[in-house]
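[1] Sequence first, then the predicted structure:
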Amino acid sequence: MARMHPEEIEGLEHATAGERAVFRFLREMARPDQDFIGWFEPTIGEQGREPDFVLFGNHQGLLVLEVKDWLIDQIEEADSQHFKVWMGGREEKKTNPDRQARGYVYELMDVLKEIPEFHSGPGAHEGHLKIPIGRMVVFPHISREEYLDRALDQVIPFERILFQDDLVYEGEICCDPSGSKFRAASAVLYPCSVISFTASILNSGVYFFFSFFIGHLQKLVYSTTLFSVSSITIPGQYIKV
C-alpha cells in the first residue's frame, strides 16, 4: 500500500465520505507501493491552506487532488470561475474545484521556489522549477456519463477528473494490480516540456524534504532508509499551469 499520512482517516469526524473513499483509493491503487507517498489535508504556504490530498510519485512528481462530494443534481450551473451548488436546501456559490486545485499548485510552487536547488540551471528554462506539479479534481459521487450528459467537460476537462466509476473496485483502475492504469491516468496531468531533474538534491531523503513545506510534517522525523534517494527518478519538467 502507498504510504499515507495520517495512516487512516476513517475516525476523523470532519473527513467526508468522498474523502474517505479517495483516501482508500490512493492507498490501494497508487502502485508500486514504494513509489508513492500521500498526505491528507497537509498545510502548505504561509496562509496555511489545506488541499484535500497531495500525492508524491517517484516517477511523476507532485499531484494535488481536490475532492467534492456533490451529486450531479446538486450542480445548478458552472463556469470557469464558480459552481452554483444546492447545499442544505439553498444555492451556494463555490469556487470551481479545478481553479481551487490550481491555487494549491501555485502555493506549492511558491514554497519550492524558496529552495534554490529546485531551480533549473543555465539554459532555456533557467530559474524555473524542476519538479513536476499536477492537479486533479475528484467527484466520488458523480459518474463519467452523468458529467458528460451535463456538458460539464466544457468547464473542467474530464481527463483531469476522477469519477465514481474510477473509484469502485470493479472499475478499470482498481482492477489493475500493477498500478499502470492509475499511473497512466495521472500522467496526462503534468506539463510535457521535460528538462533534467537531479534527484541527488534530496540529500536527506524525500520524507525530510517534504518536512520543509508541509506544515504538519515539520515535527516528524523520518528515517532516510525508508525511501532511497538513489531510487528517485522523477523526470523534471518546466512547470506551467
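    Structure received.
[2] Grab the longest helix from this protein for me.
    Using DSSP state H, we find that the single longest helix of the chain is helix 97-112.
[3] What's the mean pLDDT across it?
    For helix 97-112, mean pLDDT rounds to 91.
[4] One more: stretch 60-69?
    For stretch 60-69, mean pLDDT rounds to 92.
[5] cool, stretch 73-85 as well?
    98.
[6] contact partners of the following helix or strand past the longest helix of the chain?
    Using DSSP states H and E, the helix or strand that follows helix 97-112 in sequence is strand 133-139. Residues from elsewhere that reach strand 133-139 (CB atoms under 8 Å, 6 or more residues apart in numbering): 18, 22, 52, 60-68, 70, 97-98, 101-102, 104-105, 108-109, 147, 156, 160-164, 167, 186, 189-191, 239, 241. Just so you know, the C-beta spots here come from the backbone N, C-alpha and C atoms, and that holds for glycine as well.
[7] Keep only those of those that are in strands.
    61-67, 161-163 (DSSP state E).
[8] what's the closest of those to residue 132?
    residue 61 (3.2 Å; CB to CB).
[9] per-residue confidence for the nearest residue to residue 63 once chain neighbours are set aside?
    Nearest non-adjacent residue to residue 63, counting by CB to CB, 6 or more residues apart in numbering: residue 55, 4.4 Å away. We have a pLDDT of 91 for residue 55.
[10] Identify the bridge partners of residue 55.
    Residue 55 forms beta bridges with residue 38, residue 63, as assigned by DSSP bridges.
[11] give the contact list for it.
    2, 26, 30, 36-39, 62-63, 65.
[12] Now with 7 Å, please.
    26, 30, 36, 38, 63, 65 (CB atoms under 7 Å, 6 or more residues apart in numbering).
[13] can you pull out the helices in the chain?
    Using DSSP H, helices in the chain cover 17-29, 97-112, 144-149, 164-167, 180-187, 206-210.
[14] Tell me the gap between the fifth one and the middle of its chain.
    Between the mean C-alpha point of helix 180-187 and the mean C-alpha point of its chain there is a distance of 13 Å (CA atoms, centre = their mean, to the nearest Å).
[15] What lies in contact with that helix?
    Here helix 180-187 makes contact (CB under 7 Å, 6+ apart) with 29-31, 60, 63, 134, 172-173.
[16] From the residues you listed, list the buried ones, please.
    29-31, 60, 63, 134, 173 (16 or more other CB atoms under 10 Å).
[17] Not counting its neighbours along the chain, what's nearest residue 177?
    The spatially closest residue to residue 177, leaving aside those adjacent along the chain, is residue 31, at 7.6 Å (CB to CB, 6+ apart).
[18] contacting residues for residue 35?
    57-59.
[19] still on that earlier bit, of all the buried ones among the contacts of helix 180-187, which comes closest to residue 121?
    So of these, ranked by how close each gets to residue 121 (CB to CB), first place is residue 60, at 22.1 Å.
[20] Pull the number of nearby residues for the closest residue to the closest one other than its chain neighbours.
    Among residues not flanking residue 60 along the chain, residue 186 sits closest, at 6.1 Å (CB to CB, 6+ apart). Neighbours of residue 186 under the rule other CB atoms under 10 Å: 19.
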